Structure formats: C-alpha cells, structure tokens
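>>> Give me a model of this one.
(4 chains)
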There are 2 protein chains.
Amino acid sequence: MKADTLRGHLDALLLAVLDGRKLHGYAIIEALQLRSDGALDLPTGTVYPALRRLERAGWLTSEWDVVSGRKRRTYHLTRSGEQALAAERTEWREFTTIIGGVLGA
Amino acid sequence: MKADTLRGHLDALLLAVLDGRKLHGYAIIEALQLRSDGALDLPTGTVYPALRRLERAGWLTSEWDVVSGRKRRTYHLTRSGEQALAAERTEWREFTTIIGGVLGA
DNA sequence: GGCTACACATAGACTGACTACATGTAGCCA
DNA sequence: TGGCTACATGTAGTCAGTCTATGTGTAGCC
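The predicted model follows:
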C-alpha cells in the first residue's frame, strides 16, 4: 500500500486498536499488523509521536509499567477518546461512501 | 469532511472523473461536486497543480480550446492513465478493506 | 459601470507521516 | 563472553501533497 494514503486515518486506527483494551506502543504496532494481515507495518517513528499527540489531545492516557525488566508505556482510551473513535468511524463511512461513489462501483 | 483525509486519493478522483470523457479543469471541479452530492468542493489551487502533475506523469494529455471567448485546457486520459486508474481502483478496494477491517464492522 | 460566474495559474505555508538515528534490556546461541 | 535478535521507547529532520491566498482576464447580466 502506498504510504501516504494512510494520512488522516492514523488516529482512527490507533483509537480502534485500543478500543476495549490496554496496549503499549510496540504491541499496538503488532496488533495493527495482525488485524490487517500484515498490510499495516507502521514504523515506530510514526506510531510513538502519534500516541503522544493523541494523549495531549486527551483521547488517551498512559502509565508506565515494567514487564520482565522492560519499561512499557501502556495506553488506554479516555471517555473522550471513545467519543472520538465513534466520530472517526462515522467519518470513515462518509469518506468511503463519497470517494467510492466517485471512483465508481 | 476533514480536508486532509483526501490526501493520497486525489489522483484517483481526477482520473476517475475523466474516465471516458474530456473535461477542462473548472468542469472537473464541478463534476466532482456533482458526483459527491456537494461533499467534494476542491479549490482550484488544489486541482490545477494536480492536473499538471498527472500530465507530467503521462497519465493525462491536454489541449487548449476556446469556447465563447474563454480559453480552456481540456484534459483526457492517456492509455497509461487508464491503466493507472485501474490500479488506483484496485488500491482503493485494498485500502478500504484494510482500514475498514481494523476499524471494525 | 459594477457584479457574478467562468477559467486558469502560481507562490508559499502548513501538516502529517516518513526515514534515520539514538538508547537500552532480555534472552539465545556459539 | 561476545554478538545477535527481539523487545521497547523516543527524537530530529525531511518531504510530499494539499491548502490558502493571490493574481489575471473574459462574458454576460442588471
């Protein structure tokens, strides 16, 4: 998949993958790979800054924990993050309807 | 619709709207509005540079004509533009499948 | 004479995802 | 014990593509 087609949808992906569970950054990347059958292989330099941005926006919170000697920052959705996710899903449906309509069935 | 979600899909839209017909820049903008029920209202500063980019890429050709005193640059797809459109459509299906899959049904 | 719609175009800013780099631990294997 | 791989987080700088703002000019209406 061309890289830049993702642009504007990264937030939605990150929120969706955290829906109903807590994950740390590295696990988020793996979860996205898994859910997309390997199609989404996001570089760390893309994901980590995005997570911090979402946290600053109040959609995520995080805490540090240590698992077998390794430090992890575990993220989970806030209530406003859940609302944002719902909004992103709606927007996604509109987006695909519009573009799909122009591209033709 | 958030503006930047379009990013990466503009080429596909322009190629699709020119599929099987010739249009000039201004008419392309109107055609996109029409096909999207007004959702896509692209500024000229977005469309004209994109058309020239696609022409440089060999996917479009253009010729000048004059209609009731106004100069128009009319674009149409080249053969490789048609192939590019087919590729863009395939990519679009993959893209929506992948992202849609992650976002959840 | 002024306004609106038509029609093309460029310069520059801005944004968001990318590449490349930096750091460090745990566990395996030779 | 030394090196490799997987795990894990993070920053700096780049780059592409779309946007905003601006500019030019014609036709037709009122």
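
>>> ranges for the helices of chain A?
A:10-17, A:25-35, A:44-56, A:79-103 (DSSP state H).

>>> So which of these has the densest surroundings on average?
helix A:10-17 (a mean of 22; mean count of other Cβ atoms under 10 Å in any protein chain shown). Where you see a C-beta, it was placed from the backbone N, CA and C, and this is true even at glycine.

>>> For the closest residue to residue A:71 other than its chain neighbours, list each beta-bridge partner.
Leaving out its chain neighbours, the residue that sits closest to residue A:71 by Cβ to Cβ, 6 or more residues apart in numbering or on different chains is residue A:64, at 6.1 Å. Counting by DSSP bridges, residue A:64 is bridged to residue A:73.

>>> pretty sure residue A:64 contacts residue A:25?
No. Contact criterion Cβ atoms under 8 Å: residue A:64 and residue A:25 do not qualify, at 11.8 Å.

>>> which residues do the two both contact?
Shared contacts of residue A:64 and residue A:25 (Cβ atoms under 8 Å, 6 or more residues apart in numbering or on different chains): A:72, A:73.

>>> show me what contacts the residue nearest to residue A:71?
A:71, A:72, A:73, A:74.

>>> ditto for residue A:17
A:23, A:28, A:31, A:32, A:35, B:102 are the contacts of residue A:17 under Cβ under 8 Å, 6+ apart.

>>> biggest separation within those, which pair?
A:23 and B:102 (13.4 Å; Cβ to Cβ).

>>> picking up where we left off before, between the contacts of residue A:17, which sits nearest DNA strand D?
Taking Cβ to the nearest atom of the strand as the measure, DNA strand D lies nearest residue A:28 of the contacts of residue A:17, at 7.4 Å.
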